[in-house]
Every structure is written in C-alpha cells, then in structure tokens.
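Chemist: Predicted model follows, preceded by the sequence.
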Amino acid sequence: MAGVTRRALAGLAVLGALPRRGWAQASTDPIRIGVLNDQSGVFSDSTGEGSVIAARLAAEEFGAATGRRVEIVAADHQNKPDLGSIIAREWFDRDGVHAIADLGNSAVALAVSTLAREKDKVCLVSAGGTTALTGAQCSPNTIQWTYDTYGQSTSLAESLANAGKKRWFFITADYTFGHSLQEEATRALTRLGGVVVGSVRHPINSNDFSSYLLHAQASGAEVVALANGGEDTGRAAKQAREFGLTDTQTIVGLAMLITDANALGLETAQGLLVTETFYWDLNDRTRAFSQRWSDRNRGRKPTMMQAGTYGAVVHYLRAIHALGKADSGAEVVRRMKELPTDDDAFGAGTIRADGRKIHENYVFRVKRPADSRRPWDYYDLVSTVPGDAAFRPMAEGGCPLLGSMTAR
C-alpha cells in the first residue's frame, strides 16, 4: 500500500501541472483500454501477459493520482490480422474500448491502426515494428511508441560497420516485420559501404534453422543477422552456436530481447549484439518501474515492448487528463503529440507529427556468464544512439499526414 501511495503522489506531481479543462464534468464511465497481443505463441514471452501487467500498472497509478477509473481488457490475436481486426472491432463497437495497446505483429498492428482511424479511436503500438506505421500508412489516431525496424537495424549496422564488419547475411522471418528489418538494415549497410552477400527467408514459428544456418556459414559473411523475433530469434541463435557459427561470424539479433537471452542462457547467448530502447538496469527510474512490474510477474524483468505498453498507456491517460475527455481518438493523439513525454521506463521524450515516439536507442552485448552479478544482469552497454539519430528522419517516411499538418 505504501508503494501505491508513493506512486500516486508521483503521478499527482506530473498530472498536477496539466490543465484540467472539463475534468470535473467528465463522464464517470471508466476509460477502457484493450491490450491485444500474442498470448499463446511465438511472441507471448516478449509481450503477452507481461504487457497486460504493464498496462494495469499504468492504469492503477493514474487512478490513484486522479480518482478516474481505468479498465484493462486483453485478448490473444494469435498473430492473425483478420482475428485481430475482429476483436478490435468488437471492442470498439460493443465494449466501449477507447484505445488498443501493444499490437505485436506488424500485420495486426497495421490492420488495427486502420480500424482505429475509421472508428476515431486510439492505436498505441508498443510491439509492432514496421516503419509503415509512421510512413505510408501513418494515421492521426496511431502512436508507435517503443521501437521500429529502422532504429533496430540502423543502430546495429552502424556499430558493426564502424568495427569493420560490412559483409552481411540475413536469416529473415517471411512476413511484414522480418522483411522490414532486412530492408532497413540493408539500406543502412549500403550507406556505410557494406554489402549483403546473401539471405534466406523462413516461416514464422520455425523449429529447424539448420539449412538456413548452413547457407549463412558458407556465404563468407562476417555478420549473420537474424531478422526475426520472439522464439524464432532464440531458436536461430541457439542453433547458430551449436553449428559453430559463433566461432567465426558475428551473430546479431535485429529484434532480440532480454527474454531471448534469458531463455537461451548466457552460456549460449554471450557475445550476441542487440539493439533495445529499454533495459531494466539502465538507471534508478528503470529499476523502479521494473521492480513494480517484477513483483507481479514471478521476479522476471520486462522487455522493451512490455515497458513500451506501460509508457504509452501512461502518456495516453495523461493526454486524456489534460483534455478532460476521451471521446475523439484523433483529438487525444493530437494532445499526446503536444505534451512532452515522461515516464519511468523511457524518461523524457517527444512524439513527432508522424506518430513516432522519440527516445534513445542502445546497442548492448550479452554478457559472459562470469560477468553476470545477479538474475537478469545480461547486458553490457556498447553504445547509445540519440533519439534524433536513432529513428528514420520524418521527411524520408512519406507520411501523407504531414502536408495537411503543415497547412494547419
């Protein structure tokens, strides 16, 4: 209880500085937020129930600070865009849901983003990584919070190119997210004078990567890039070590997360390079948030995607508080872009006109077992990429909203 009180007071300190226009007259109906993600498949460890916990933490802290009731509902989209759309439509039309968060799986995220615009609701993408969300398919109702394939790929490409490793081979998941990872990394690599010596594609939720790894091993590549996510990344990394690739080639997980390192174990994962926008042990604030989350999740630590759900929901609720209403999703998102962001997971930041949340990216190296001092102490920081350099320049994205925003 004491912890809740401290968090409520911290929330009041932030919220008290905001205008309360119409707040006293606001509806007493609850604000409803849906967490839509993979709760049973390849991404369930990196998002799943952990993202639901993160959303509930944000809702409870907001409620304690303001007295406003927030309800969190959750569902499993099973990585099927049609199922994700059906659930989202029912939530919007029948269940009074104002916003949908998480949305791991880029195809699902794009489908729900389109529907949120149609229904004037809010889409808070914390786990979908395609840059189309802030590019050709950007929406006035969508925020992309945690990361994207440009940031993940470019940060690692630059770090390795600077170390003289410019010959790459890609093992790529054969769907929107994997394709986008490879495309963004290839652009960065080409710009830096590198070359792609080969690539293969695999279906999502693959178990056997042997043939793909043999192609990579024979390619002469200095870097083998895993352009996939979730359990696919873990399996590919584990089998790469078993096949001896780590003895002669650098393995990078373009979307590898701390849960992948945990599942692999440091003996297997040591030396892998990863890009993340959040790590639980970065500073006092990240440690405080992670402890609150960990207390509800068997002592585990959150992924950047789960932290992103927390940060996005915190800021969404803050914008509603400032407006005094939640009925127009586009209006709430507009207010989210106007307000500076600040939460325990990501610290201070901003949201661009195209919906891209801006914060630092980090390149980490997975520690050797002997260097890990306690549970979940898995990363050494290699480099920090400032937010304004970490994400694709807005002018290069082709977001069709920008012209109309400029005109206003």
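Modeler: Noted; the coordinates are in hand. Residues are numbered from 1 along each chain as shown.
Chemist: So, low pLDDT: which residues of this structure?
Modeler: By pLDDT under 70, the weakly predicted segments of the chain are 1-27, 404-408.
Chemist: Pop out the phi and psi values for the residue nearest to residue 357 when sequence neighbours are not counted.
Modeler: Computed as CB to CB, 6 or more residues apart in numbering, the closest residue to residue 357 that is not its neighbour in sequence is residue 145, at 4.5 Å. Every C-beta, even on glycine, is put in place using the N, C-alpha and C of the backbone. The phi/psi pair for residue 145 (degrees, to the nearest 10) reads phi -90, psi -60.
Chemist: Run a quick neighbour tally on residue 145.
Modeler: By other CB atoms under 10 Å, the residues close to residue 145 number 33.
Chemist: what's near enough to touch it?
Modeler: If you count contacts by CB atoms under 8 Å, 6 or more residues apart in numbering, residue 145 has them with 124, 125, 126, 308, 311, 312, 357.
Chemist: Where strands are concerned, which of those count?
Modeler: Among these, the members found in strands (DSSP state E) are 124, 125, 357.
Chemist: show me what contacts the last one?
Modeler: Remark: with contacts taken as CB under 8 Å, 6+ apart, residue 357 is in contact with 143, 144, 145, 146, 311, 312, 341, 346, 349, 350, 351.
Chemist: Widest-spaced pair of those?
Modeler: Greatest spacing in these, by CB to CB: 146 and 350 (14.7 Å).
Chemist: Quick check: nearest residue in space to residue 257, chain neighbours excluded?
Modeler: Per CB to CB, 6+ apart, closest to residue 257 is residue 303, 4.6 Å.
Chemist: What residues of stretch 373-388 count as buried?
Modeler: 376, 378, 379, 382, 385, 387 (16 or more other CB atoms under 10 Å).
Chemist: ranges for the strands of the stretch 251-400 of the chain?
Modeler: 273-276, 341-343, 347-351, 357-358, 361-366, 379-385 (DSSP state E, counting those that start in this stretch).
Chemist: Make JSON lines from these and add distance to residue 401 to it.
Modeler: Output for the strands of the stretch 251-400 of the chain, formatted as JSON lines (distance: least, CB to CB, whole Å):
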{"stretch": "strand 273-276", "distance to residue 401": "27"}
{"stretch": "strand 341-343", "distance to residue 401": "19"}
{"stretch": "strand 347-351", "distance to residue 401": "13"}
{"stretch": "strand 357-358", "distance to residue 401": "16"}
{"stretch": "strand 361-366", "distance to residue 401": "24"}
{"stretch": "strand 379-385", "distance to residue 401": "26"}
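Chemist: Residue 32: which of those is closest?
Modeler: That would be strand 341-343 among those, by CB to CB, at 20.7 Å.
Chemist: contacting residues around that closest one?
Modeler: Residues contacting strand 341-343 (CB under 8 Å, 6+ apart): 14, 289, 310, 311, 314, 315, 348, 349, 350, 351, 357, 359.
Chemist: Parallel or antiparallel, list what pairs with it.
Modeler: strand 347-351 (antiparallel) (DSSP bridges).
Chemist: Can you spell out the domain ranges of the chain, please?
Modeler: Segmentation of the chain into domains, based on automatic domain parsing, reads 2-147+282-355, 151-276+361-387.
Chemist: Adding distance to residue 403, write those out as a markdown table.
Modeler: Formatted as a markdown table, the domains of the chain follow (distance: least, CB to CB, whole Å):
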| stretch | distance to residue 403 |
| --- | --- |
| domain 2-147+282-355 | 11 |
| domain 151-276+361-387 | 24 |
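Chemist: what's the closest of those to residue 397?
Modeler: If we rank the domains of the chain by CB to CB, the stretch that ends up nearest is domain 2-147+282-355, at 3.9 Å.
Chemist: so how far is residue 55 from the residue lying closest to residue 69 once chain neighbours are set aside?
Modeler: The shortest distance from residue 69 to any non-neighbouring residue, by CB to CB, 6+ apart, is to residue 30 (4.1 Å). Between residue 30 and residue 55 the distance is 14 Å, computed by CB to CB, to the nearest Å.
Chemist: who has more neighbours, these two?
Modeler: When residue 30 and residue 55 are compared for neighbours, residue 55 comes out ahead with 29 against 16, by other CB under 10 Å.
Chemist: Alright, calling it a day.
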